[in-house]
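Visitor: Okay, predicted coordinates and the sequence, questions at the end:
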Amino acid sequence: MSKIEICPARPSDLNRLMEIFDHARRFMASVGNGNQWINGYPSSELIAREIADGHCYVCRDEHENIVGTFCFVPSPDPNYSVIEDGNWLNDAPYYVIHRIASDGTCKGIGDTCIAWCAKQCGNLRADTHQDNLIMQRLLARNGFKRCGTIRVANGTERIAYQRG
């Protein structure tokens, strides 16, 4: 894998990030996960807000091209206040990894993002759609434990994970 640098996203990165999310939506649909990011999610307004809040990061390759992105958000996450069919590993402060996406040109972007996040905070949470088998394997491979089920803002269920 190429050397990847992770740094905060800038407002000027927004169009490129939306291209990456479009690619990720098409890829997810092609592997049986067409129901997770629907109706234009994530919207450019959401990502612009994440950039302004300092939560959105980009992955740059050795040529300075943006090849991936993710959001890294400090607790508490209101969607995580209630967990069904299980329990969180702990109640300590945590960070949430949201919206890992890649343009498909570099292998290992998900692992790279998680490794970077783990260096920032040892207590991590994430969630994913039941159809997102790739993300479920990524999280398990990186030491996350399946903790139960949460509901996101639109009311749909997500599998909840934590690495404490």
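Guide: Okay, I see it.
Visitor: Flag every buried residue along the host helix or strand of residue 24.
Guide: Under the assignment given by DSSP states H and E, the secondary-structure element containing residue 24 is helix 14-30. Neighbour-count burial for helix 14-30, with 16 or more other C-beta atoms under 10 Å as criterion, is recorded at 14, 16, 17, 18, 20, 21, 24, 25, 28. The way it works is simple: take the backbone N, C-alpha and C, and place the C-beta from them, glycine included.
Visitor: next one: that helix to chain centre, how far?
Guide: For helix 14-30, the distance from its own C-alpha centre to the chain's C-alpha centre is 13 Å (C-alpha atoms, centre = their mean, to the nearest Å).
Visitor: Show me what it is packed up against.
Guide: The contact analysis (3 or more C-beta pairs under 8 Å, 6 or more residues apart in numbering; DSSP states H and E) places helix 14-30 against helix 44-52, strand 66-74, strand 95-102.
Visitor: How far off centre is the next helix or strand after the shortest one?
Guide: When you say that, I think you mean strand 95-102. Heading C-terminal from strand 95-102, the first helix or strand you meet, by DSSP H and E, is helix 109-120. Mean-position distance between helix 109-120 and its chain equals 10 Å (C-alpha atoms, centre = their mean).
Visitor: could you check the angle strand 95-102 makes with helix 109-120?
Guide: When axes from the mean of the first three to the mean of the last three C-alpha atoms, to 10 degrees is applied, the directions of helix 109-120 and strand 95-102 differ by 160 degrees.
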